[in-house]
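> What would the 3D arrangement of this be:
(2 chains)
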Amino acid sequence: GAVVSQHPSRVICKSGTSVKIECRSLDFQATTMFWYRQFPKKSLMLMATSNEGSKATYEQGVEKDKFLINHASLTLSTLTVTSAHPEDSSFYICSARDRGPGTDTQYFGPGTRLTVL
Amino acid sequence: QKEVEQNSGPLSVPEGAIASLNCTYSDRGSQSFFWYRQYSGKSPELIMFIYSNGDKEDGRFTAQLNKASQYVSLLIRDSQPSDSATYLCAVGVFSGGYNKLIFGAGTRLAVHP
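Got it, this is the predicted structure:
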């Protein structure tokens, strides 16, 4: 399967700071990447769809000014959690869409565990 | 509201048995279906995808799709303790101009020696 990396894997920060998470597709070009959030013992919730060269599309209830997404190239998307607060503590996971003959799948990065103190 | 339903489990099976995981979905227009495995504290890992009615086999895994009943399942043959994880069913939907995945809450599988 395709390889997606995510950095950093773990972040601990103080309330009010901003945190930037990078998502890279290592062996394929991804015009579309997705950002998810997962709380303990809950399923993945899609936050936004990131498209290379255009503005991200946010799901209902997700604040676009708080969760800034930039998809600058076909292999890199970034999520910045601005002015993070304890309630933003979660497991953030990106995925990259791999489209080919007979296939259209998402491959996930390893995730970033964010803890806001 | 597009939904994907799974029994949360835990589903407990003995080593060597067949584990059967089930999933139903609400959007009749869905065309793509996925099973992911997620170990505790890790991100999901793609196991299989299926697009057509019927069965699709890959090693010890078999995905079954019945679009008329809006039902997709995953069978794991010769279950091993290393298969113990949460299995997420995901359904592709077209919404807001994009193809997205809607995830079920997952079924926790426990394979005991």
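> make it CA atoms for all contacts and neighbour counts henceforth
OK.
> So is stretch B:12-30 next to chain A?
No: for stretch B:12-30 and chain A, the contact criterion (C-alpha under 8 Å from any C-alpha of the partner chain) is not met; the two come no nearer than 13.2 Å.
> Give me the contact list for that stretch.
Applying C-alpha atoms under 8 Å, 6 or more residues apart in numbering or on different chains, the set of residues contacting stretch B:12-30 from outside is B:2-7, B:67, B:70-81, B:87, B:89, B:91-94, B:104, B:107, B:109-113.
> which is the next helix or strand following the helix or strand of chain A with the lowest mean pLDDT?
Within chain A, no helix or strand scores below strand A:103-108, which has a mean of 86 by mean pLDDT, DSSP states H and E. Remark: after strand A:103-108, the chain's next helix or strand is strand A:112-116, criterion DSSP states H and E.
> Report the angle between the worst-scoring helix or strand of chain B on mean pLDDT and strand A:103-108.
Using mean pLDDT, DSSP H and E, strand B:98-103 stands out as the lowest-scoring helix or strand of chain B, at a mean of 86. Here strand B:98-103 points in a direction 60 degrees away from that of strand A:103-108 (axes from the mean of the first three to the mean of the last three C-alpha atoms, to 10 degrees).
> which residues make contact with the least confident helix or strand of chain A from outside it?
So strand A:103-108 is in contact with A:1-4, A:93-99, B:43-46, B:49, going by C-alpha under 8 Å, 6+ apart.
> what about 10 Å?
A:1-6, A:23, A:25, A:30, A:32-36, A:93-99, B:32-34, B:36, B:43-46, B:48-51, B:92, B:99-101 (C-alpha atoms under 10 Å, 6 or more residues apart in numbering or on different chains).
> picking that back up, pull out the buried residues from the contacts of stretch B:12-30.
Neighbour counting by 16 or more other C-alpha atoms under 10 Å in any protein chain shown classes B:4-6, B:67, B:70-77, B:79-80, B:87, B:89, B:91-93, B:104, B:107, B:109-112 among the contacts of stretch B:12-30 as buried.
> picking up where we left off before, the contacts of strand A:103-108 in helices, which ones?
The members of these all map outside helices under DSSP state H.
> Tell me the buried residues within the residues you listed.
Buried, going by 16+ other C-alpha under 10 Å: A:2, A:4-6, A:23, A:25, A:30, A:32-36, A:93-98, B:32-34, B:36, B:43-46, B:48-51, B:92, B:99-101, out of the contacts of strand A:103-108.
> And the spatially closest residue to residue B:78 that is not a sequence neighbour, how far from chain A?
Nearest residue to residue B:78, sequence neighbours excluded (C-alpha to C-alpha, 6 or more residues apart in numbering or on different chains): residue B:16, at 4.0 Å. From residue B:16 over to chain A the distance is 27 Å, taken as C-alpha to the nearest C-alpha, to the nearest Å.
> What pLDDT is listed against residue B:16?
At residue B:16, the predicted lDDT confidence score is 97.
> try the one 3 residues further on
pLDDT, residue B:19: 97.
> Enumerate every residue touching residue B:44.
So residue B:44 contacts A:44, A:93, A:95, A:107-111, B:35-38, B:86-88 (C-alpha under 10 Å, 6+ apart).
> Check residue B:78 too.
Per C-alpha under 10 Å, 6+ apart, neighbours of residue B:78: B:14-19, B:60-61.
> same question, residue B:40
A:40-41, B:84-86.
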